[in-house]
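Trainee: Sequence first, then the predicted structure, then my questions.
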Amino acid sequence: MRAIVVRQHGGPDVLKLEEVPDPTPGSEQVVVRLRAVGVNPVDVYIRSGAYARKPPLPFIPGSDAAGEVEAVGADVKTVAAGDRVFIHGTAAEHIVGHYGGAYAERALCNLQHVYKLPASVSFGQGAAMGVPYATAYRALFHRAGTRPGDTVLVHGATGGVGLAAVQIARAHGISVIGTGGSDKGLAAVRESGAAFAFNHSTPGYLDDIARAAGGRGVDVILEMAAHVNLDKDLGLLATRGRVVVIGNRGRVEIDPRQAMGRDAAILGMTLFNISDPDMASINAYMVAGLANGTLKPVVGREFPLADAAKAQEAVMEAGAHGKIVLVA
């Protein structure tokens, strides 16, 4: 099969399309013929060697994808060849050896990483689940303890995680304010359920957010670019508000008094710290959300598998609109 293999950490040019052996399932494993593969910023950090968890070399990037079950192990009863599925994780947690990841034509998966994909959901949308929706759910509920009736600001709502957060929050009775940098992206934020959507490149947009929150501040901020926004975020919080830092690319100076006067909290998170039971509950939520229509992933751009380097460059660009996927 064809797969993108990383043999050394570095820039996008280390992503090489190679022929590797087809995987064979163990007794409780599944081989999925992938049709679409999700591209996440964390894939870039891992490829470059900048991430805290560096994989053994060589490895195949990626953990999110969708396709059809091609082969099952002898003890697999819940899925069968031909079933449409999406995957969130692979047999080696996407970081070990040639069979490690999802940037490939086939993936070897443990059964707990494979979920039925409704006929109404495209493979591209299935590949857009995984990391973005799990990250958004964990940030909203596991870290920030967001409750129905709260107001949430998604600061950078037009990408995969941002749109996922908008949809999940609205499904739980939470009022959402979103920001983005393009008209197309802001339209997607509104369509996903945000009550307000503001362009963060427009002067005075912070005042617009404050007015939209009714003058009391927002209860929770999901922050995709803390190196730019964290100090501003603290001034937008309500009393006992929380900022969850999801994305950051550098150091930032803040005024701690903004947090002190509000009894505010700044919370960090990474999906890799989640427990297995918590991840299982999130995956169950994703399956239900796709089935009942409350979760509607937005695919922004598609690239051929061979153009994985271009896709990883695109996922780091400003002005995101939905999820970037590879077509395998």
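Mentor: That came in fine, so what should we check first? Numbering: from 1, shown residues only.
Trainee: Show me what counts as buried in stretch 173-182.
Mentor: 174-181 (16 or more other CB atoms under 10 Å). In this view, the C-beta of every residue, glycine as well, is placed from N, C-alpha and C.
Trainee: Flag whichever of those residues scores worst on pLDDT.
Mentor: When the buried residues of stretch 173-182 are compared by pLDDT, residue 181 scores lowest at 93.
Trainee: and the buried residues of stretch 173-182, which of them are in helices?
Mentor: Among the buried residues of stretch 173-182, no member is found in helices (DSSP state H).
Trainee: So which of those residues is the closest to residue 294?
Mentor: Using CB to CB, residue 174 is the member of these that sits closest to residue 294, with 12.6 Å.
Trainee: The closest one: what's it in contact with?
Mentor: The contact partners of residue 174, by CB atoms under 8 Å, 6 or more residues apart in numbering, come to 140, 146-152.
Trainee: is it true that residue 314 lies in a helix?
Mentor: Yes. Assessed with DSSP: H, G, I helix; E, B strand; the rest coil, residue 314 lies in a helix.
Trainee: what about it, neighbour count?
Mentor: By other CB atoms under 10 Å, 15 other residues sit near residue 314.
Trainee: Looking at this structure, which strand is longest?
Mentor: Across the chain, the longest stretch assigned as strand under DSSP state E is strand 29-39.
Trainee: In its sheet, which strands sit next to it, and in what direction?
Mentor: strand 64-72 (antiparallel), strand 106-110 (antiparallel), strand 323-327 (antiparallel) (DSSP bridges).
Trainee: Output the helix or strand following that strand in CSV with nothing but the alpha carbons.
Mentor: Per DSSP states H and E, the first helix or strand lying C-terminal to strand 29-39 is helix 41-48. Taking Å, rounded to 0.1, in the frame of the first residue of the first chain, the C-alpha atoms of helix 41-48 are listed here in CSV:
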residue,chain,number,x,y,z
PRO,A,41,-1.9,20.7,13.7
VAL,A,42,-0.6,18.2,16.2
ASP,A,43,0.6,16.1,13.2
VAL,A,44,2.8,19.0,12.2
TYR,A,45,4.3,19.3,15.7
ILE,A,46,5.0,15.6,15.9
ARG,A,47,6.6,15.6,12.4
SER,A,48,8.8,18.5,13.2
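Trainee: Check the burial of residue 317 by counting its neighbours.
Mentor: Quick note: residue 317 (other CB under 10 Å) scores 8 neighbours.
Trainee: Distance check, it against residue 234.
Mentor: 27 Å (CB to CB, to the nearest Å).
Trainee: and stretch 113-122, how far out from the chain's middle?
Mentor: 17 Å (CA atoms, centre = their mean, to the nearest Å).
Trainee: OK, contacts around residue 267?
Mentor: Going by CB under 8 Å, 6+ apart, the list of residues near residue 267 reads 143-144, 242-245.
Trainee: Among the residues you listed, which are located in strands?
Mentor: Reading strands off the contacts of residue 267 with DSSP E, I get 242-245.
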